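quick check, what structure comes out for this input:
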Amino acid sequence: MKDLRNIAVFVLVVGAVPFFTESGVLLNFVMTTLYACLLSQAWNVLGGFGGQFSFGHALFFGTGAYAQAIAQMQWGLSPWVALPLAMVLAAAVGAFVGAASFRYGLKGSYFALVTLAFAEVFRILATSVPFTGAGVGLMLPLDTSAANMQFESRAGFIWLMLGLVTLALCTTAWLRHSRFGAYLQAVRDNEDAARAVGVDPFRVKLAATVISGGLMGAAGAFYVQVFQYIDPSIAYGAHTSVEALVGAIVGGLGTLWGPLLGAVGLHILADLTRNLFGELPGINMIIYGTVLIVIVMFLPRGIAGLGTFSVRDWLRGRKSGEGDRP
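Model prediction:
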């Protein structure tokens, strides 16, 4: 219940932001940070809790984005109906990739490369087939209304994304406290030991891939509604996969609030370096990359584990020092 109370407080605080400011810069920052948080939360389900690192989560993002656009433009569905459909189709792709990978025992770097390969295959297919708009892409017609999920201000998109992030947070909280979450973490820590006590690693990892894919598909559908355009390079490009995994790693793998902290920290860092060094080409990216390297090297548990890691190390060192005294 503590996690649910914290999630409720988070929803109330963030949901109230549009009532206290009309700044387009601030509202856009909140929206994009929530979007990055959803990407990282989706990756965290499989990579953080399941220990299955993926380099191709754009595969699920692009599937959700195209499903959202095609359902509206070619099938005439409401975007509110297309959104859950996009999540289901992305989850189905996750089931296919997971079954094809885990059935043959792929894990570690092999699984990461397989997901990257699948994302590239889907990018090539989207460039070739006509119903995706081929290389030109698809552009949603502008029809500003809540019924069409095209809001007049960023506030509507913030509340929509907040709902999706809340779903991801509740899913993560469930993984922390449920039996399935314990199975998933057991498979992550030692697959052979988990199998020895009756856990089926294939089914557990497959289910995690389905959940992760569905959440990533929701992010893709949201992207289409905000920017009203999608093409193969955006849908299945590596930048989306990188943004998802970096946010989770920097924030803290296998934690509830780590992906959110990672998304906030990275967006603040990106905006600061862009504003301070935007006139010097490349300097902002150098500083941004250096900070990321420092975080990965010296904060192995991410931002979320900073306080816990430091206190535990200090106590451990103090106890060992007392034990050496005569």
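
Leu306: how many residues sit nearby?
If you count neighbours by other Cβ atoms under 10 Å, Leu306 ends up with 15. From N, CA and C alone the C-beta is placed, and that goes for glycine too.

quick check: mean pLDDT of the single longest helix found in the chain?
Using DSSP state H, we find that the single longest helix of the chain is helix 201-227. Mean pLDDT, computed over helix 201-227, is 96.

next structured bit after it?
Once helix 201-227 ends, the next helix or strand along the chain (criterion: DSSP states H and E) is strand 229-230.

show me what that following strand is packed against.
helix 58-73, strand 138-139, helix 201-227 (3 or more Cβ pairs under 8 Å, 6 or more residues apart in numbering; DSSP states H and E).

hmm, 7 Å instead?
In terms of contacts (3 or more Cβ pairs under 7 Å, 6 or more residues apart in numbering; DSSP states H and E), strand 229-230 is packed against helix 58-73.

quick one: average pLDDT of the following helix or strand past the helix it packs on?
Past helix 58-73, further along toward the C-terminus, the next helix or strand under DSSP H and E is helix 79-102. Mean per-residue pLDDT for helix 79-102: 96.

just the CA coordinates of the helix or strand containing Thr166, formatted as PDB?
Counting by DSSP H and E, the element that carries Thr166 is helix 154-177. Output in PDB follows, covering the C-alpha atoms of helix 154-177 (Å, rounded to 0.1, in the frame of the first residue of the first chain):
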ATOM      1  CA  ARG A 154      -0.200  20.600 -23.500                       C
ATOM      2  CA  ALA A 155      -2.400  20.000 -20.400                       C
ATOM      3  CA  GLY A 156      -4.500  17.400 -22.100                       C
ATOM      4  CA  PHE A 157      -1.400  15.500 -23.300                       C
ATOM      5  CA  ILE A 158       0.100  15.700 -19.800                       C
ATOM      6  CA  TRP A 159      -3.000  14.100 -18.300                       C
ATOM      7  CA  LEU A 160      -3.000  11.500 -21.000                       C
ATOM      8  CA  MET A 161       0.600  10.600 -20.500                       C
ATOM      9  CA  LEU A 162       0.200  10.800 -16.700                       C
ATOM     10  CA  GLY A 163      -2.400   8.100 -17.000                       C
ATOM     11  CA  LEU A 164      -0.100   5.900 -19.000                       C
ATOM     12  CA  VAL A 165       2.800   6.500 -16.600                       C
ATOM     13  CA  THR A 166       0.500   5.600 -13.700                       C
ATOM     14  CA  LEU A 167      -0.300   2.300 -15.400                       C
ATOM     15  CA  ALA A 168       3.400   1.600 -15.800                       C
ATOM     16  CA  LEU A 169       4.100   2.600 -12.200                       C
ATOM     17  CA  CYS A 170       1.300   0.300 -10.900                       C
ATOM     18  CA  THR A 171       2.700  -2.500 -13.100                       C
ATOM     19  CA  THR A 172       6.100  -2.000 -11.600                       C
ATOM     20  CA  ALA A 173       4.700  -1.900  -8.000                       C
ATOM     21  CA  TRP A 174       2.900  -5.200  -8.800                       C
ATOM     22  CA  LEU A 175       6.200  -6.700 -10.000                       C
ATOM     23  CA  ARG A 176       7.900  -5.700  -6.700                       C
ATOM     24  CA  HIS A 177       5.300  -7.400  -4.500                       C
END
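
so which bits of it are buried?
Using 16 or more other Cβ atoms under 10 Å as the test for burial, helix 154-177 gives 154-162, 164-169, 171-173, 175.

can you give me the buried ones in stretch 83-93?
83, 85-93.

of the residues you listed, which is the nearest to Thr240?
Nearest to Thr240 among these, counting by Cβ to Cβ, is Ala90 at 12.6 Å.

which non-adjacent residue is nearest that closest one?
Nearest residue to Ala90 in three dimensions, chain neighbours excluded: Gly217, at 2.4 Å (Cβ to Cβ, 6 or more residues apart in numbering).

tell me the contacts of the one you found?
Counting by Cβ atoms under 7 Å, 6 or more residues apart in numbering, Gly217 touches 60-61, 63-64, 86-87, 89-91.

columns distance to Gly302 on top of these, output as CSV?
Shown next, in CSV, are these (distance: Cβ to Cβ, whole Å):
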residue, distance to Gly302
Phe60, 23
Phe61, 22
Thr63, 28
Gly64, 26
Ala86, 29
Met87, 27
Leu89, 31
Ala90, 26
Ala91, 26
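
from these, pick the one nearest Val242.
For those, the minimum distance to Val242 (Cβ to Cβ) is 11.7 Å, reached by Phe61.
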